[in-house]
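In: below are the sequence and a predicted model for it; my questions follow.
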Amino acid sequence: MLSFVGRRILQIIPLLVAISIIVFVIIQLPPGDYLTTYIQQLEMTGTEVSEAQIQLLKNQYHLDKPLYQQYFYWITNILFRGNFGLSFIYNRPVSEVIGERMALTITISLMTLIFTWLVAVPIGIFSATHQYSVWDYFFTFLGFIGVSVPGFLIALVIVYAIFSKTGVAITGLFSPEYVTAPWGLPKILDMLKHVWLPIIIIGLSGTAGLIRTVRGMMLDELGKQYVITARAKGVPEKRLLFKYPIRVAVNPIISTIGWLLPSIISGESLVSIVLNIQTMGPVLMKALLSQDMYLAGSFLLITSTLTVIGTLISDILLAWLDPRIRFGGVAEET
Amino acid sequence: MPTGLSVVTRLRINKNNKKQLSKEEAYYVASQWKLMWWKFKKHKLAMVAVVVLGILYFGAIFADFLSPTLPNERFSDYKSAPPQIIRFYEKGEGFQRPFVYEIKREVDPKTFKRTYVVDKSKKYPVYFFGRGEPYKFLGLFETNIHLVTSEGPLFLLGTDELGRDVFTRILYGSRISLSIGLVGVVITFVLGMLLGGISGYIGGIVDTVIQRLIDLIVCIPTIPLWMALAAALPRNWPPLRMYISIVVITSLIGWTGLARVVRGKILSLREEDFATAARLAGASSMRIIIRHLLPSFASYIIVSLTLSIPNTILGETSLSFLGLGLQPPVVSWGVLLQDAQKLESVAHHPWLLLPILWVVVTVLMFNFLGDGLRDAADPYK
């Protein structure tokens, strides 16, 4: 087991390096850099920027050095000093800007993940055991809707619907009094009051997909010999369900964290822009549009790394559950 | 009856002699594609999807004929007007030719809100196949015949802030949004088949490298990646170049799904007996892939491609909605939804949200279609 974990960790290190390079290249793609945007802005407001000033700023942000050197500065700063650079827009260290928002992003993503599991697994099992019933068709239909309708559009429609009925704009994560309040129990309670809407919206498509997967797996298992044997032996239905088919069906669920997590994070970015939640979505937009390289790059890097780690954890969990994978046997690949 | 021939051969001879086959016999001699078609027809939702998608694409192709006006035509007298219905019946005068009433803009003295009041005193007849704004039909010849026109406020779905007819814009927008799905699929198909096929058939180092590449792309969250790539496009590119770039960006992520499917299928089929037999008979690798392996998983390719079309459409809609994709004056559903971003304008003018309906229906229909194809692809069930 330990050797498996060790091997997997070694495998993801080149992956992370490659991701960091790709992220850096992508951020640098737009022509020019932050400085050109900044100078444009200054000139629009009428301030003159002298050559000396430009040179000073360039030196300060290492923008005159060749690209690969900029990359090395960035990476070494992150790895060895935990310094993610300076955000040009906010003129504060990136770690400060990202810090609170990233915590919120991660919290919402994790809560959505847990919500997805808690809702999808029981519904999938229920749907499988009551196949072709009214409820089955109903949930299958809901599943289709969930997969087809994009999160941010649902967010728009829901926000509009609630606004027109009650005149209350559900945007934002906190009631007005709590927005700038320091973190404490009342703030957390207030957030919990508001957070259910984003979670449902973001989690809808993932939940729908998971329901169908669980249902499919359960149906496969319920048709197998050992279930019939157990029934013939007189094992009560509930115990029968829990001891065998559900355990097998849970397998792919663990392995699907791999694709569920990036889809939740990306869906969350879009929905948070629409709902105006204080997570990374809106900030990322601004950073990309003004080429705030450190801010945008660090966010992409952190989320990609988290995704890779999430996949790693799910692989380890799966290996722990299913010995066939540990010993390099043929695992079920859906 | 000659008994030296097998059942199937005898049935085939009967078929060639145009003797009527019983249903069961027909089932045995049917080709793979015929079986798939029969299975597909059984899937009611998929058949519905074919019809609806046919209507949508028809609307996109003939958008200029079907819409009352042009997408960028502004009616300054009717800004932000609510939807108007074509009326057939007037109180006191009975049924007559279809018409629209005049609407007048009024400002509520207390809230200063602009509302439109129907003015029943003025009527504008609605003409079918009437003359309206000139356009180029299918880019071929200039004409100005529209399906429905009127001199009055014929705004079936209302107007936006600049007084442009929403229904017209949705129809024209469907041209861009629906075609992006198809063009993107071509790119996805080429990339996915190429890389998946090479990866599966050659194996070894090439396989590992391509697999790592796919893992890499899957790890980076899609929408932030799209946003970053789209933000890299200069604002001032001509619309066509923007269009192609957006398609390329959204397909760049999509091909990984197809590549994985192709690779998996090739890996499992490579060791099959018929492939070994072909190899022993001296067939080249290319011939083996195309002639023998490909038909076996063609159906899975079709399913995967069909299911990636809605993703491409959604990708374009999301990007344009955020302002990172296509820009006005290009009309696509995402661009139309840009106007819907502001909460106040949506609250007062909810008809601006109607493009959402088109997006949802399109994506839903493609999902049904893909589901039907997936069921049909297993004809021996």
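Out: That came through, no problem. Numbers count the residues shown, from 1 in each chain, chains lettered A, B, ... in the order given.

In: write out the residues of the stretch 151-300 of chain A neighbouring chain B.
Out: A:152-153, A:156-157, A:159-160, A:163-164, A:169, A:171, A:259, A:262-263, A:265-267, A:269-270, A:273-274, A:284-285, A:288-289, A:291, A:296, A:299-300 (C-beta under 8 Å from any C-beta of the partner chain). Backbone N, C-alpha and C define where each C-beta goes, glycine included.

In: can you pull out the strands in the stretch 1-150 of chain A?
Out: For the stretch 1-150 of chain A, the strands defined by DSSP state E, counting those that start in this stretch occupy A:86-87, A:92-93.

In: can I get the ones you listed in JSON lines with mean neighbour count, mean pLDDT and distance to A:T140?
Out: Output for the strands of the stretch 1-150 of chain A, formatted as JSON lines (neighbours: other C-beta atoms under 10 Å in any protein chain shown; pLDDT from 0 to 100; distance: least, C-beta to C-beta, whole Å):
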{"stretch": "strand A:86-87", "mean neighbour count": "21", "mean pLDDT": "70", "distance to A:T140": "46"}
{"stretch": "strand A:92-93", "mean neighbour count": "13", "mean pLDDT": "74", "distance to A:T140": "49"}
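
In: out of these, nearest to chain B?
Out: Chain B lies closest to strand A:86-87 among the strands of the stretch 1-150 of chain A, at 16.1 Å (C-beta to the nearest C-beta).

In: ok so, going back, for B:L319, which of the strands of the stretch 1-150 of chain A is the nearest?
Out: Closest approach to B:L319 among those is made by strand A:86-87 (23.9 Å; C-beta to C-beta).

In: give me the number of residues near B:T312?
Out: 25 (other C-beta atoms under 10 Å in any protein chain shown).

In: tell me how far stretch B:67-74 lies from the chain's centre.
Out: 23 Å (C-alpha atoms, centre = their mean, to the nearest Å).

In: dump that stretch to CSV, keeping only the CA atoms.
Out: C-alpha atoms of stretch B:67-74 as CSV (Å, rounded to 0.1, in the frame of the first residue of the first chain):
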residue,chain,number,x,y,z
SER,B,67,-37.6,36.9,-39.0
PRO,B,68,-39.6,40.1,-39.3
THR,B,69,-36.7,42.5,-39.4
LEU,B,70,-32.9,42.6,-39.3
PRO,B,71,-31.0,41.9,-36.1
ASN,B,72,-29.3,45.2,-35.9
GLU,B,73,-32.3,47.3,-36.9
ARG,B,74,-33.2,49.7,-34.1
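
In: can you show me the strands along chain B?
Out: All strands of chain B, identified by DSSP state E, fall at B:87-90, B:94-107, B:114-137, B:141-150.

In: need these in a markdown table with distance to B:R12, mean neighbour count and mean pLDDT, can you?
Out: Putting the strands of chain B into a markdown table (distance: least, C-beta to C-beta, whole Å; neighbours: other C-beta atoms under 10 Å in any protein chain shown; pLDDT from 0 to 100) gives the following:
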| stretch | distance to B:R12 | mean neighbour count | mean pLDDT |
| --- | --- | --- | --- |
| strand B:87-90 | 59 | 12 | 72 |
| strand B:94-107 | 58 | 14 | 74 |
| strand B:114-137 | 48 | 14 | 75 |
| strand B:141-150 | 50 | 16 | 75 |
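
In: rebuild the ones you listed as a markdown table, extending it with distance to A:T207.
Out: Formatted as a markdown table, those follow (distance: least, C-beta to C-beta, whole Å):
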| stretch | distance to A:T207 |
| --- | --- |
| strand B:87-90 | 44 |
| strand B:94-107 | 44 |
| strand B:114-137 | 41 |
| strand B:141-150 | 42 |
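
In: can you tell me the residue of the stretch 51-200 of chain A closest to chain B?
Out: Nearest residue of the stretch 51-200 of chain A to chain B: A:S148, at 4.2 Å (C-beta to the nearest C-beta).

In: one step back: now render the strands of the stretch 1-150 of chain A as JSON lines, adding distance to B:M36.
Out: What follows is the strands of the stretch 1-150 of chain A, written out as JSON lines (distance: least, C-beta to C-beta, whole Å):
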{"stretch": "strand A:86-87", "distance to B:M36": "55"}
{"stretch": "strand A:92-93", "distance to B:M36": "59"}
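
In: pipe those into a markdown table and attach distance to chain B per row.
Out: Output for the strands of the stretch 1-150 of chain A, formatted as a markdown table (distance: least, C-beta to the nearest C-beta, whole Å):
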| stretch | distance to chain B |
| --- | --- |
| strand A:86-87 | 16 |
| strand A:92-93 | 21 |
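
In: between these, which one is nearest to A:G143?
Out: strand A:86-87 (41.0 Å).

In: circling back to that earlier point, nearest to A:L56, of the strands of chain B?
Out: strand B:114-137 (52.0 Å).

In: wait, B:Q338 sits on B:G325?
Out: No - shown here, B:Q338 and B:G325 do not form a contact pair, counting by C-beta atoms under 8 Å, at 9.6 Å.
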